[in-house]
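Asker: From the sequence below, what's the structure:
(one chain, ligands or ions: 1)
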Amino acid sequence: MITTERLILRPFTENDAVDLFEYLHEPTVHCFFDMKISSMDEAKEEAVKRMETDCYFAIELKDTGKVIGEIFVHPDGEGMEEDCSEGGYSDDTYSPCWMLNKDYHGKGYAYEAANAVFDYLFNEKGARRLYAYTEDYNIASQKLCEKLGMRQEGLFMEFISFVNDENGYPIYENTYQYAILKKEWDKRGK
Ligand SMILES: CC(C)(COP(=O)(O)OP(=O)(O)OC[C@H]1O[C@@H](n2cnc3c(N)ncnc32)[C@H](O)[C@@H]1OP(=O)(O)O)[C@@H](O)C(=O)NCCC(=O)NCCS
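Answerer: Numbering: from 1, shown residues only. Here you go, the predicted structure:
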């Protein structure tokens, strides 16, 4: 568990299903469309799924106890689909992903949470490099990466497709990669 000024970052519990439903029933970006859920039963399944690995941080508001989103951190490489806490991957590189309930965007919560998780990964988990993908139209996520001190490493043209057009053909999206190294993190703000 990690605490910040306004947040508690902790593993999910089954009791988080209602809050999970709130932000997963209408994903706001294409890359999370396949995570869309439409019932409380599905929300409960998602909560249990999140409890089974140590890759998910629920973002809880200290004041109210409400879970307003999540940060998913997966280690790079093979085996991560099975169990993020097991071996078979490069253990010094992680890729974080963030999603907040839309009612809580723009209040600095994503930065507060990601900043604490980055600190944890670099200083407790021995991370050497963190990288994130974000679509070229996702300004909020790009700004968050930049505020965290991540460098834009490249733009992959027509890199991935999450949705099809009206004729059933994939719409390919342009994706930025951002990254930060431990030594860059250590120098931040100094
Ligand atoms: C990406 C996301 C987590 C950012 O959350 P947030 O609550 O807006 O982030 P914060 O309030 O902590 O803001 C972080 C910085 O980004 C800036 N920012 C956020 N949204 C912005 C926007 N739409 N336009 C310009 N800047 C923006 C903030 O101003 C802040 O910088 P500042 O402090 O220098 O002003 C949130 O928009 C989200 O959940 N989006 C849907 C899921 C998603 O896109 N995930 C990423 C997939 S790649």
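Asker: Centroid-nearest residue for this structure?
Answerer: In the chain, the centroid-proximal residue (CA atoms, centre = their mean) is Cys97; its distance is 2.1 Å.
Asker: Contact residues of the chain facing the ligand?
Answerer: Proximity of the chain to the ligand, by CB under 6 Å from any ligand atom, involves residues 28-29, 31, 98-100, 105-111, 134, 138-141, 143-144, 147. The C-beta positions use only the backbone N, C-alpha and C, and glycine is treated the same way.
Asker: Please repeat the previous calculation with a cut-off of 8 Å.
Answerer: 23, 27-29, 31-32, 69, 97-102, 104-114, 132-135, 138-141, 143-144, 146-147 (CB under 8 Å from any ligand atom).
Asker: which of the residues you listed are buried?
Answerer: Among those, those that count as buried by neighbour count (16 or more other CB atoms under 10 Å) are 23, 27, 31, 69, 97-101, 104, 109-110, 112-114, 132-135, 138, 141, 144.
Asker: What residues does Glu184 make contact with?
Answerer: Gly149, Arg151 (CB atoms under 8 Å, 6 or more residues apart in numbering).
Asker: any idea how far the ligand is from it?
Answerer: Per CB to the nearest ligand atom, to the nearest Å, Glu184 is found 18 Å from the ligand.
Asker: Just confirm that residue is within a helix.
Answerer: Yes. With DSSP: H, G, I helix; E, B strand; the rest coil as the criterion, Glu184 is part of a helix.
Asker: Pull up the gap between Thr64 and Lys147, please.
Answerer: Distance, Thr64 to Lys147, using CB to CB, to the nearest Å: 25 Å.
Asker: correct me, but Asn115 touches Leu148?
Answerer: Yes. If you go by CB atoms under 8 Å, Asn115 and Leu148 touch, sitting 6.4 Å apart.
Asker: Neighbour count for those two, which is higher?
Answerer: Taking neighbours as other CB atoms under 10 Å, Asn115 and Leu148 compare with Leu148 leading, 20 against 17.
Asker: Can you tell me the element the residue nearest to the more buried one when sequence neighbours are not counted falls in?
Answerer: In space, and not counting its chain neighbours, Leu148 is closest to Ala114: 5.7 Å by CB to CB, 6 or more residues apart in numbering. Element membership of Ala114 [criterion: DSSP states H and E] is helix 109-123.
Asker: For that helix, C-alpha coordinates in CSV please.
Answerer: What follows is helix 109-123, C-alpha atoms only, in CSV (Å, rounded to 0.1, in the frame of the first residue of the first chain):
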residue,chain,number,x,y,z
TYR,A,109,-5.1,12.8,-9.1
ALA,A,110,-3.5,10.9,-12.0
TYR,A,111,-0.2,12.7,-11.5
GLU,A,112,-0.3,12.2,-7.7
ALA,A,113,-0.9,8.5,-8.1
ALA,A,114,1.5,7.8,-11.0
ASN,A,115,4.3,9.9,-9.3
ALA,A,116,4.0,7.7,-6.2
VAL,A,117,3.8,4.4,-8.3
PHE,A,118,6.9,5.5,-10.3
ASP,A,119,8.8,6.2,-7.1
TYR,A,120,7.8,2.8,-5.8
LEU,A,121,8.9,1.0,-9.0
PHE,A,122,12.2,2.8,-9.2
ASN,A,123,13.1,2.7,-5.5
